[in-house]
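> Here is the input, now give the coordinates:
(one chain, ligands or ions: 1)
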Amino acid sequence: MRTNPIGIFDSGIGGLTVANAVSEALPNEEIIYFGDTAHLPYGDKSPEAIQHYAVRISDFLLERKCKIILIACNTASAAAYETVRRHVAGAVPVLNVIDPVVNAVASDKSFKKIGIIGTKGTIKSQVYEHKLKAIRPDLEVVSLATALLASMIEAGFYNNSVSQAIINSYLAYPDFSDVQAMILACTHYPLIKKEVAAYFNQRVKIFDSTDVVTEVLKRTLTEKDMLNDQRRNPHHFYVSDFTESFEQTTKIFFRQEIHLELQNIWDE
Ligand code: DGL
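Numbering: from 1, shown residues only. Here you go, the predicted model:
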């Protein structure tokens, strides 16, 4: 089991921010990544559709002998985490990108009010609010769907004047004016972390889905005695629809261009 790969999936290539963090923190681990580019974006899909996709993708990762499944997509974590867990039925541990961030935020008692930005699906689900308030009922939580940001980043607009203008216009949301922390609840947003911090003049703590999630993954593998001591195989990055543009865009999210393999798991 230890030498088996870690399965990571996302609606597309944004989850490569998480895969990259995992690959850097756990260099001995092999990763099987699945990006459901045929059904992207999940942010505008119904929970039922996302659950259907997530179950099939989880089966694919289990067929590839993954020892753990990490749902590296906020929208899928919000809509399908319980479904995937029930479906997998204890065969392997299932992690999402929401709980680690919720626990990190909730444990800092200095936060009284926190803001969240994410896709329409994630924000509408109110999953962050519910999970945060279950631990810290006193915490004030305000959220905003920032629908443009994922496509903006994918088109290469980040750390420039256009992205800063769009980010500023979203973050000018009056409820955000007195938050002590912001959750970047989307796989793409680590790329705009600096711009969000700059908007708040560095006085707000920013959480994204990379470091704390990787930390929880590492802890889970350690506790279950499933850490690999030596990587034997290369990572594989599968997508359900291939375009050159997807492949070129991987360098934004994985810090280097990677080879994508087309894997149609829907007609089988
Ligand atoms: N991966 C999605 C998320 O983290 C963003 C892209 C999409 O809407 O599919 O919410």
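> Flag every buried residue along stretch 33-47.
Neighbour counts over stretch 33-47 (16 or more other Cβ atoms under 10 Å) mark 33-43, 45, 47 as buried. Placement of C-beta: from N, CA and C, glycine included.
> where exactly do the helices run in this structure?
16-25, 47-63, 74-88, 99-106, 120-125, 127-135, 148-154, 161-171, 193-199, 211-223, 244-254 (DSSP state H).
> Residue numbers of the stretch 151-268 of the chain in contact with the ligand?
Contact residues, the stretch 151-268 of the chain versus the ligand (Cβ under 6 Å from any ligand atom): Cys186, Thr187, His188.
> contacting residues for Gly118?
Gly43, Asn74, Thr75, Tyr128, Ser143, Ala145, Thr146, Ile183, Leu184, Ala185, Cys186 (Cβ atoms under 8 Å, 6 or more residues apart in numbering).
> On the pLDDT front, check it for me.
Here the pLDDT value assigned to Gly118 is 98.
> Quick check: bridge partners of it?
With DSSP bridges as the criterion, Gly118 is bridged to Ala145, Ala185.
> which regions of the chain lie under the pLDDT threshold?
267-268 (pLDDT under 70).
> do you know how far the closest residue to Ile258 other than its chain neighbours is from the ligand?
Leaving aside its chain neighbours, Ile258 sits nearest to Thr250 (4.8 Å; criterion: Cβ to Cβ, 6 or more residues apart in numbering). Distance, Thr250 to the ligand, by Cβ to the nearest ligand atom, to the nearest Å: 14 Å.
> Can you redo the helices of the chain as TSV, where the extra columns are distance to Lys205?
Formatted as TSV, those follow (distance: least, Cβ to Cβ, whole Å):
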stretch	distance to Lys205
helix 16-25	18
helix 47-63	29
helix 74-88	18
helix 99-106	9
helix 120-125	20
helix 127-135	14
helix 148-154	19
helix 161-171	15
helix 193-199	9
helix 211-223	12
helix 244-254	23
